[in-house]
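A.B. asks: sequence first, predicted coordinates after that:
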Amino acid sequence: MNPNNFDVEAESSKIKWREFEAFAESFFKEFGFETFRNYRLKKPRLEIDLLAVKNARGFAADCKHWRRTVGLSVMSAIASKQAERCSKAVKHDTTCPARSLIPIVLTLHDEMLQFVGEGVAIVPIRKLRDFLLNWEAFKEDMLVINR
């Protein structure tokens with residue numbers, strides 16, 4: 001398969017949501033991140049779909065494999081919950097492999113949003129590679145949660 005003709009969104013729409021998480025994980029691994037799928041905390045009880053860490057800094061992705069876009073109000077609520085999960089993971093879990101986390105919402109389709117809430121990045125799967133290459137150019141716009 002020619003990677004230049006590979007349609008990430010079309011291919012990822014053919015897979016189930018668990019496979020979507022694994023597909024997203026492969027992008028982070030490609031960039032040298034150590035990954036943890038379904039990262040769980042017991043106290044407080046919560047789960048992060050995908051945690052990707054490199055040099056004690058990480059991304060915490062909430063993977064949304066929805067068949068359609070959802071709009072600003074729904075995405076804002078999801079982003080807020082993801083930011084809360086990241087804060088609890090970094091600040092309350094001494095075993096968390098990251099000293100700082102950047103919450104993101106990874107979507108199947110382009111939501112036409114870049115950041116919502118306090119600076120949670122909304123990243124369509126087809127733009128994930130570009131996001132990982134260029135995220136530092138946007139880090140002032142992104143929420144970074146430090147220990």
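C.D. replies: Looks like it arrived, so ask away.

A.B. asks: I'd assumed residue 110 was in contact with residue 126.
C.D. replies: Yes. Counting by CB atoms under 8 Å, residue 110 is a contact partner of residue 126 at 7.2 Å. Where C-beta positions appear, they are placed from N, C-alpha and C, glycine not excepted.

A.B. asks: which one of the two is surrounded by more residues?
C.D. replies: residue 126 (18 against 14; other CB atoms under 10 Å).

A.B. asks: low pLDDT regions in this protein?
C.D. replies: Scanning the chain with the threshold set as pLDDT under 70 gives 1-15, 17, 67-68.

A.B. asks: how about the strands in it?
C.D. replies: 34-41, 46-54, 57-64, 100-107, 115-116, 120-124, 145-146 (DSSP state E).

A.B. asks: now distance to residue 132 and mean neighbour count too, for the ones you listed, in a markdown table please.
C.D. replies: Listed next are these as a markdown table, based on distance: least, CB to CB, whole Å; neighbours: other CB atoms under 10 Å:
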| stretch | distance to residue 132 | mean neighbour count |
| --- | --- | --- |
| strand 34-41 | 12 | 16 |
| strand 46-54 | 9 | 21 |
| strand 57-64 | 8 | 24 |
| strand 100-107 | 10 | 25 |
| strand 115-116 | 16 | 18 |
| strand 120-124 | 9 | 24 |
| strand 145-146 | 19 | 16 |
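
A.B. asks: turn those strands into TSV, including distance to residue 131.
C.D. replies: Formatted as TSV, those follow (distance: least, CB to CB, whole Å):
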stretch	distance to residue 131
strand 34-41	16
strand 46-54	12
strand 57-64	9
strand 100-107	8
strand 115-116	12
strand 120-124	5
strand 145-146	18
